[in-house]
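> The sequence isn't on hand, but the structure is:
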């Protein structure tokens, strides 16, 4: 799985002394944007093509806490791409202890930038479609085989 | 369902001009804290009892956007309580248009404040347990009947 | 002074157990938007006139902490308006104890929404200019007299 | 000046398409924590000594906007240290254009972690005091000479 790593910021913690649960969605976004930039195309360029990729679904399990002073690693993959919808999966680990802290899945879809109409990338941007198709990797499906 | 209402804040919007998806978890937290204060006991008092209620699971669907200038309403209910776990359900509506914008479920559990050990409220705080039990309301189960 | 009031949100606290210092700028924004809506015109309508009001300067003193469970009150006023620049002053109090927690000043200017060119509201929107002029109130200058 | 660099995150932008002004205080905190870790001692270790370093004053000028897709650089220095108070200065540049976007100063003081009583590091932690003294660098004072 592709990975993204950084330290916990002080301002991301809450009164419990741990990363506030809402901040995981921000961390996953950071990881996803870095993944796009490295593997596909920087997101601002996708926007310039007139396409945006809003958020439509999320599922998450919070397993253990991350604290200020910890470094985390996000392992992630695009595990499904329908031509309109992208399904990502993430595992967030505490790099200091190796512990799994957070598991999540997010679903996104491609729309026009102007009026949020769903875009089938297959037709509108076949090259982007092919590259996304080639990036799909489902480690969980592989494990099951 | 119990409801919580307020205006969208400017700082909650992102480059798309809509509430950033991570902020829904903050809005649901606000609603949940207000629900506790009105129906059960203010959360700071629960903390004073030595109990905290961390986040353990979430599931959400993002249906339409909320913008700066909009007012939203969160309809919510505690639909299941096991003695350790609380399951909440939320529907977020745009008050101006009536449109359903966001559907979510969150699960929380009771632990000791000191060392995050699961607490069975039934044994440790029977009165709190009874009040929580009495608050359980599952509108979706009712609909099905 | 005009005032804005609400409870501290859990997600606004940090590892110290108090409102993270960056959140005061968000709270002041909330207060300012509510002030505009009540006294002048809702901010989204100003945007529709083709004008936005970016942030250009801030100064703040952090005097005591606000915690989850506290209610705060922001006393604020527009104390200077040059036709392009608006100068606001804020005092944030803990409503439970009466203690002054935060003192701040922010400066904003009017620009075109499209290309961020400074706009002299006096010429472009004389009515808005007059209303802003009428709202100027400098309690500190009065005290000195 | 010491420098800290990273990309703008999508979730840091607001409806104007630029970094929300409140996020500069978060960025400066990130830079300060990285500065401490590299030049002094990681902040969690300072906390373990029973000391924390709250925020007491800030002053900032917002000169131009940072957008999603931009990389920024924070040049910073500790320009004054009184034994209790630390005064930092920051210049935030757009790395892509070289433009100066933000100028800020922040003041912090050392207190006990338990009850927020001011601590004179000179007496309580002479070694920390000496290291902080050695780090003081006032580039603006030098320029004037």
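Here it is on my side, so go on. Computed from a prediction, not measured in an experiment: that's the story for all the values here.
> Could you pick out the longest helix of chain A?
Longest helix in chain A, counting residues (DSSP state H): helix A:23-39.
> now check the next helix or strand after that one, is it near chain B?
Sequence-wise, the next helix or strand downstream of helix A:23-39 (DSSP states H and E) is helix A:43-48. No - counting by Cβ under 8 Å from any Cβ of the partner chain, chain B is not contacted by helix A:43-48; separation bottoms out at 8.8 Å. C-beta: built from backbone N, CA, C; applies to glycine.
> wait, doesn't residue A:116 sit right on residue A:54?
Yes - using Cβ atoms under 8 Å, residue A:116 and residue A:54 qualify as a contacting pair, with a distance of 7.4 Å.
> joint contacts of those two?
When contacts are counted by Cβ atoms under 8 Å, 6 or more residues apart in numbering or on different chains, residue A:116 and residue A:54 are jointly contacted by no residue.
> helices or strands up against the longest helix of chain A?
Where contact means 3 or more Cβ pairs under 8 Å, 6 or more residues apart in numbering or on different chains; DSSP states H and E, helix A:23-39 is packed against strand A:2-7, helix A:43-48, strand A:55-62, strand A:71-81, strand A:85-94, strand A:100-109.
> And the residue nearest in space to the middle of chain A, how far from residue A:89?
The geometric centre of chain A, computed from its C-alpha atoms, lies nearest to residue A:32 (Cα atoms, centre = their mean), at 3.7 Å. Residue A:32 sits 11 Å away from residue A:89, taking Cβ to Cβ, to the nearest Å as the criterion.
> looking at it, residue A:81 is touching residue A:133, isn't it?
Yes - with contact defined as Cβ under 8 Å, residue A:81 counts as touching residue A:133 (6.2 Å).
> Looking only at neighbour counts, state which of the two leads.
Neighbours per residue (other Cβ atoms under 10 Å in any protein chain shown) separate residue A:81 from residue A:133, with residue A:81 holding more: 19 against 13.
> still on that earlier bit, now for the helices and strands packed on helix A:23-39, which one comes closest to residue C:72?
Distance to residue C:72, taken as Cβ to Cβ, is lowest for strand A:55-62 among the helices and strands packed on helix A:23-39, at 29.3 Å.
> does chain D sit close to that closest one?
No - for strand A:55-62 and chain D, the contact criterion (Cβ under 8 Å from any Cβ) is not met; the two come no nearer than 10.8 Å.
> Next, the angle strand B:55-62 makes with that strand.
Computed with axes from the mean of the first three to the mean of the last three Cα atoms, to 10 degrees, the direction of strand A:55-62 lies at 170 degrees from that of strand B:55-62.
> Strand A:55-62 versus strand A:85-94: what angle between them?
Between strand A:55-62 and strand A:85-94, the angle comes out at 30 degrees (the same axes, to 10 degrees).
> Report all helices and strands that the host helix or strand of residue A:143 contacts.
Secondary-structure assignment from DSSP H and E places residue A:143 in helix A:139-144. Counting by 3+ Cβ pairs under 8 Å, 6+ apart, the packing neighbours recorded for helix A:139-144 are strand A:71-81.
> got a list of contacts for the strand it packs on?
Surrounding strand A:71-81, the residues in contact under the criterion Cβ under 8 Å, 6+ apart are A:1-8, A:27-28, A:31-32, A:35, A:66, A:86-96, A:101, A:132-133, A:135-141.
> filter those residues to the buried ones?
A:4, A:6-8, A:27-28, A:31-32, A:35, A:66, A:86-95, A:101, A:132, A:135 (16 or more other Cβ atoms under 10 Å in any protein chain shown).
> sorry, back to before: which residues touch the residue nearest to the centre of chain A?
Listed by Cβ under 8 Å, 6+ apart, the contact partners of residue A:32 are A:76, A:88, A:106.
> and the first one, how many neighbours?
This points to residue A:76. Residue crowding around residue A:76 was assessed by other Cβ under 10 Å; the count is 21.
> Against residue A:100, how distant is the residue nearest to it when sequence neighbours are not counted?
Using Cβ to Cβ, 6 or more residues apart in numbering or on different chains and skipping the chain neighbours, the partner closest in space to residue A:76 is residue A:90 (4.6 Å). For residue A:90, the distance to residue A:100 equals 11 Å [Cβ to Cβ].
> ok, now residue A:135?
Plainly put, residue A:135 is 24 Å away from residue A:100 if you go by Cβ to Cβ.
> again with residue A:53
Counting by Cβ to Cβ, the gap from residue A:53 to residue A:100 is 27 Å.
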